[in-house]
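J.: Mind folding the following:
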Amino acid sequence: MGKKEKILVVDDEQNIRTLIKASLSEDYLVLEAADGDEALNKTRTEKPNLVLLDIMMPKMDGYTTCKALRSDPHTKGIPVIMLTAIQYELNEKLAKELGAVGYIRKPFTRQELLVAVGNALTKH
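T.: Numbering: from 1, shown residues only. Model prediction:
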């Protein structure tokens, strides 16, 4: 079997990270970060194939983190999917303007997560 693709899950809520890890770990190597600063560091050192990024986090929110990932030459090519409880279309539009390739609303199903991740990895 080939090497599993790495996915970095960034969420300040441990239960969300655990849920996503349980949903994806059969097919992917899942890394975790609790905030934007940790996400930037892990993205630079671990070079994940995809970042799942919560919007509402302390210290550095997901929008700021996404913008930082897009502006860094070492991380700009890594696809980002925003993961959020925010239900407004304006937020989804902003996420895409900042370079996110997808937007998943909480609560989500395992199937929605797998499809979004698969689509993002296939396109990039």
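J.: contacts, neighbours, all on C-alpha from now
T.: Will do.
J.: now the helices for the chain?
T.: Using DSSP state H, the helices of the chain run over 14-24, 36-46, 62-71, 89-97, 110-123.
J.: distance of Lys123 from Glu38?
T.: Plainly put, Lys123 is 26 Å away from Glu38 if you go by Cα to Cα, to the nearest Å.
J.: neighbour count winner among the two?
T.: Ranked by neighbour count (other Cα atoms under 10 Å), Lys123 and Glu38 place Glu38 first, with 14 against 8.
J.: name the helices or strands packed onto the helix or strand of the chain with the lowest mean pLDDT?
T.: Using mean pLDDT, DSSP states H and E, helix 89-97 stands out as the lowest-scoring helix or strand of the chain, at a mean of 92. Applying 3 or more Cα pairs under 8 Å, 6 or more residues apart in numbering; DSSP states H and E, we find helix 89-97 packed against strand 102-105.
J.: Show me the residue at the heart of this structure, geometrically.
T.: With distances taken as Cα atoms, centre = their mean, Leu52 lies nearest the centre of the chain, 1.2 Å away.
J.: pretty sure that one is in contact with Val9, am I right?
T.: Yes: using Cα atoms under 8 Å, Leu52 is in contact with Val9, at 4.8 Å.
J.: Looking at the helices of the chain, spot the one closest to Glu5.
T.: Closest to Glu5 of the helices of the chain, according to Cα to Cα: helix 110-123, at 8.9 Å.
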